[in-house]
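[1] mind looking at a prediction? Sequence and model below.
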Amino acid sequence: GGGGGGAGASICYLCRRKFGTAEQLKRHEEQSDLHRQKVEEQRLKEIEAIKHTVLAEQQAVDKKHLKLQKRRQYAEAAREEREQEEALREAQERAMGGGRESERAGSREMENKGTE
């Protein structure tokens, strides 16, 4: 609308037209096909701007989500690698410790046979 008093009261800024009176402006806004067309064009532009904003926001959220997902995957892979290394270390220690233990047991058996 034109709205309000003052110097700009008789101007339709959407259609870029100046009217002699506020009544003429009001009639233009209510009856003009040009004005209706401009209002619709403006509405569509605003809808497109909103769509663009929402899309940009969604892309930012998706990008952030992907970054977090990659971080989680990296952390999970690192955790699994640490667990595998720990399991391997424990297995090696058991093999080395267990080997010595079986050597000692074998030596004791030999000693026991020799004393019987």
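    Sure thing, it's come through.
[2] restrict stretch 21-28 to CA atoms and write it as CSV.
    Provided in CSV are the C-alpha atoms of stretch 21-28 (Å, rounded to 0.1, in the frame of the first residue of the first chain):
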residue,chain,number,x,y,z
THR,A,21,-4.5,12.0,-4.0
ALA,A,22,-4.5,9.2,-1.4
GLU,A,23,-7.9,8.2,-2.7
GLN,A,24,-6.5,7.7,-6.3
LEU,A,25,-3.7,5.6,-4.8
LYS,A,26,-6.2,3.5,-2.9
ARG,A,27,-8.2,2.9,-6.0
HIS,A,28,-5.1,2.0,-7.9
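[3] show me what that stretch is in contact with.
    Gly1, Gly2, Ala9, Ser10, Ile11, Cys12, Cys15, Arg17, Phe19, His35 (CB atoms under 8 Å, 6 or more residues apart in numbering). Glycine gets a C-beta too; all of them are placed from N, C-alpha and C.
[4] quick one: buried ones out of the residues you listed?
    Among the contacts of stretch 21-28, the ones that count as buried by 16 or more other CB atoms under 10 Å are Gly2, Ser10, Cys12, Cys15, Arg17, Phe19, His35.
[5] how about those residues in JSON lines, adding distance to Glu81 and pLDDT?
    Shown next, in JSON lines, are these (distance: CB to CB, whole Å; pLDDT from 0 to 100):
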{"residue": "Gly2", "distance to Glu81": "70", "pLDDT": "45"}
{"residue": "Ser10", "distance to Glu81": "76", "pLDDT": "94"}
{"residue": "Cys12", "distance to Glu81": "69", "pLDDT": "96"}
{"residue": "Cys15", "distance to Glu81": "68", "pLDDT": "95"}
{"residue": "Arg17", "distance to Glu81": "72", "pLDDT": "95"}
{"residue": "Phe19", "distance to Glu81": "76", "pLDDT": "95"}
{"residue": "His35", "distance to Glu81": "68", "pLDDT": "97"}
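[6] turn these into JSON lines, including secondary structure and distance to Ala77.
    Listed next are the buried ones among the contacts of stretch 21-28 as JSON lines, based on DSSP: H, G, I helix; E, B strand; the rest coil; distance: CB to CB, whole Å:
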{"residue": "Gly2", "secondary structure": "coil", "distance to Ala77": "65"}
{"residue": "Ser10", "secondary structure": "helix", "distance to Ala77": "70"}
{"residue": "Cys12", "secondary structure": "strand", "distance to Ala77": "63"}
{"residue": "Cys15", "secondary structure": "coil", "distance to Ala77": "62"}
{"residue": "Arg17", "secondary structure": "strand", "distance to Ala77": "66"}
{"residue": "Phe19", "secondary structure": "coil", "distance to Ala77": "70"}
{"residue": "His35", "secondary structure": "helix", "distance to Ala77": "62"}
